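Enquirer: Everything below, folded, please.
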Amino acid sequence: AWRCGRVREAHRDALAALREDERAALAWALLGQVLAARFRDEAGRRAWDRALALDPVLCEALLGRSTVTIDRAERTAYLRRFVDAAGRCGEPRRRVRAALESIEFIRALGERKIFVLERDELPGELPLAPIVSRPGVVSGWVARIGVGRAGRLPVLVDTGAAGLHLDARAARKAELAPLSGVTLVGGGGGGEHAVTRGLLDRLDLGPLAFRHALAIAAMDSLHPRGVYRAILGADLFSGTTLTFDFARRRLGIDEAASPPADAVDPRRVDPWSHRAGALPLLRVAGMLLVPVTIETGSARLERLMLFDTGASRTMLDAGSAVLFPELRRGASGRARGYGGAITLAGRLPRLRITAGGSSGEVRNVPVLDLSARSRLTGVYVGGFLGNDWLARRKVTLDLARGEVRIEEGDAPGRGRRRTRRR
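Expert: Residues are numbered from 1 along each chain as shown. Predicted structure coming up:
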């Protein structure tokens, strides 16, 4: 159920298994995955500790446990145990390689302090400028931030990415101090390339500024025409509330209220509680996933989709699209992304998407094979929720409580009256 994206069902199954047998290590590990995905890191840590007390070489628990500690020595120890046990568990090669690269990065980082807060002027805003690929079509959103010694650079605000990525020229100009290499898998497909992790002396995000910020340097450009020189992931705003007001072309940044304290026993934690009008947001392997309903005239599905302000189009995974009789197979073309490209498997003429109280239709939806991303992250990703649907709305992400609020809004740069008349 977890691997298929049916996360509520997975949570119920884990609790049911533990009611029958408290020594079910895999059930404890699954419970930890669900709780951590729902931003309940401390409860997830306790569940993974219970799993490892029963099975010290359980890969799911070892890898998960490494993600909920800020102690570098402790994280390295869990990653090494994961690598040692990976062969027995049948872990994918890419996941093992990522663990080895993380170990090398932690070693290179040493005792250096990172993301030292220099300025905190919340609440605040970052102005957004739309990337208009053709009249009426927004393919992304660009802000300007201060990056090391390069000064202010245009960056793509991309909730589908993790971290800060610089093109090769920007990294040199910013005087990024390299620490270690890493292999990036991007675009949702099988493409990958080598990049370098390093440190910036300063990162200015408008109302927030940090010293000694981490960044990743690409080997080449990030946009063919240089519209943006960097990619900014939402995880750099961890613990805050982000409001994408696309009509006003603003990204609001504010302090998030602390989530309520969880019960000591992770079995008693309700990961699905959320405030009225909000949806549960899931965080898995750096991805922000939103539960949505997708439907055509003849079928209706519930899926987790990647909330992706860096995607020009909403895209659907082939595994979900085959359930729609309207699927047109054999479409030509490729969808390109940073680090990879995917061949189209078909198109859907139209698709209605509902998230919370907001619903709308997108047309000519690309269908792609996203199985490589799902295998890497361990949970099924039904598709990417792109700007053809998002840009018509106002979206608030609470990155402390794990909630998303989606409201109807004007089209970017247009008044409500004109939008209605159109």
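
Enquirer: which residue ranges form the helices in the stretch 151-300 of the chain?
Expert: 168-174 (DSSP state H, counting those that start in this stretch).

Enquirer: show me where it has strands.
Expert: 152-157, 164-166, 177-185, 192-204, 208-217, 230-232, 240-245, 250-255, 279-280, 282-284, 287-295, 300-307 (DSSP state E, counting those that start in this stretch).

Enquirer: closest to L126 out of those strands?
Expert: strand 250-255 (4.4 Å; CB to CB). C-betas here are computed from N, CA, C, even on glycine.

Enquirer: Buried residues in the closest one, which are they?
Expert: Within strand 250-255, the residues that count as buried by 16 or more other CB atoms under 10 Å are 251-254.

Enquirer: which stretches of the chain have low pLDDT?
Expert: 181-194, 331-342, 410-422 (pLDDT under 70).

Enquirer: longest strand anywhere in it?
Expert: When the chain is parsed with DSSP state E, its longest strand is strand 340-355.

Enquirer: what's the burial count for G90?
Expert: Around G90 there are 7 other residues, counting by other CB atoms under 10 Å.

Enquirer: how near is it to L117?
Expert: Relative to L117, G90 is positioned 42 Å away (CB to CB, to the nearest Å).

Enquirer: What of R50?
Expert: 34 Å.

Enquirer: Rebuild the strands of the stretch 151-300 of the chain as TSV, extending it with distance to G140.
Expert: Below are the strands of the stretch 151-300 of the chain laid out as TSV (distance: least, CB to CB, whole Å):
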stretch	distance to G140
strand 152-157	5
strand 164-166	14
strand 177-185	19
strand 192-204	20
strand 208-217	19
strand 230-232	10
strand 240-245	12
strand 250-255	13
strand 279-280	23
strand 282-284	22
strand 287-295	16
strand 300-307	14
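
Enquirer: about what we covered before: ok, R50 and L117, which is more surrounded?
Expert: The neighbour count for R50 versus L117, taken as other CB under 10 Å, is higher for R50 (23 against 9).

Enquirer: immediately after the strand or helix carrying the more buried one, which helix or strand?
Expert: Using DSSP states H and E, R50 sits within helix 41-54. As assigned by DSSP H and E, the chain's next helix or strand after helix 41-54 is helix 59-66.

Enquirer: what's in contact with the helix or strand just after that next one?
Expert: Once the chain leaves helix 59-66, the next helix or strand it forms, by DSSP H and E, is helix 72-89. Applying CB atoms under 8 Å, 6 or more residues apart in numbering, the set of residues contacting helix 72-89 from outside is 56-60, 62-63, 65-66, 69, 91, 95-96, 99-100, 102-103, 106-107, 109.

Enquirer: do that again at 7 Å, thanks
Expert: Outside helix 72-89, the residues that touch it by CB atoms under 7 Å, 6 or more residues apart in numbering are 57, 59, 62-63, 65-66, 69, 96, 99-100, 102-103, 106.

Enquirer: Also stretch 234-245?
Expert: 159, 162-164, 205, 251-256, 286, 288, 309, 394-400.

Enquirer: Now, of the residues you listed, which are buried?
Expert: The neighbour count (16+ other CB under 10 Å) marks 159, 162, 164, 205, 251-254, 256, 288, 309, 394-400 as buried among the contacts of stretch 234-245.

Enquirer: For D13, list the residues it contacts.
Expert: A1.

Enquirer: Quickly find the element holding it.
Expert: For D13, the host element (DSSP H and E) is helix 7-20.

Enquirer: quick one, that helix and strand 300-307 angle?
Expert: 100 degrees (axes from the mean of the first three to the mean of the last three CA atoms, to 10 degrees).

Enquirer: Any buried residues in helix 7-20, and which?
Expert: For helix 7-20, by 16+ other CB under 10 Å, it's 7, 10-11, 13-15, 17-18.

Enquirer: Report the central residue of this protein.
Expert: M287 (2.0 Å; CA atoms, centre = their mean).

Enquirer: residues contacting the residue nearest to that one when sequence neighbours are not counted?
Expert: Excluding the flanking residues, the one nearest M287 by CB to CB, 6 or more residues apart in numbering is L306, at 5.6 Å. Contacts for L306 (CB under 7 Å, 6+ apart) come out as 160, 287, 289, 381, 384-385.

Enquirer: in the sheet, who's paired with the nearest residue to R202 once chain neighbours are set aside?
Expert: Setting aside the residues directly before and after it, R202 is nearest to R211 in space (CB to CB, 6+ apart), at 5.6 Å. Beta bridges link R211 to V116, R202, judged by DSSP bridges.

Enquirer: how near is L58 to G402?
Expert: 25 Å.

Enquirer: wait, V34
Expert: In terms of CB to CB, V34 sits 12 Å off from G402.

Enquirer: and Q33, what are its phi and psi?
Expert: phi -60, psi -50 (degrees, to the nearest 10).

Enquirer: Contacts only, for it.
Expert: Applying CB under 7 Å, 6+ apart, we find Q33 in contact with 2, 60, 64.

Enquirer: can you pick the most crowded of these?
Expert: Neighbour-wise, the contacts of Q33 (other CB under 10 Å) top out at G64, 26 neighbours.

Enquirer: Show me what the helix or strand containing E407 is in contact with.
Expert: Applying DSSP H and E as the criterion places E407 in strand 403-408. With CB under 7 Å, 6+ apart as the test, strand 403-408 has contacts from 274-275, 277-281, 290, 355-356, 358, 393-397.

Enquirer: May I see the ChimeraX selection of the buried members of the residues you listed?
Expert: This is how ChimeraX selects the buried members of these, with burial counted by 16+ other CB under 10 Å:
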select :274,278,279,280,281,290,355,356,358,393,394,395,396,397
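
Enquirer: what's the distance between the residue nearest to R202 and G356?
Expert: 38 Å.

Enquirer: picking up where we left off before, looking at it, the residue nearest to the centre of the chain is touching T377, isn't it?
Expert: Yes: counting by CB atoms under 7 Å, T377 is a contact partner of M287 at 6.3 Å.

Enquirer: quick revisit: will you turn the contacts of helix 72-89 into CSV that also has neighbour count and distance to V367?
Expert: Output for the contacts of helix 72-89, formatted as CSV (neighbours: other CB atoms under 10 Å; distance: CB to CB, whole Å):
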residue, neighbour count, distance to V367
V57, 14, 39
C59, 23, 32
L62, 28, 35
L63, 27, 31
R65, 27, 36
S66, 21, 35
T69, 15, 39
V96, 17, 30
A99, 22, 32
L100, 14, 34
S102, 20, 33
I103, 19, 38
I106, 16, 39
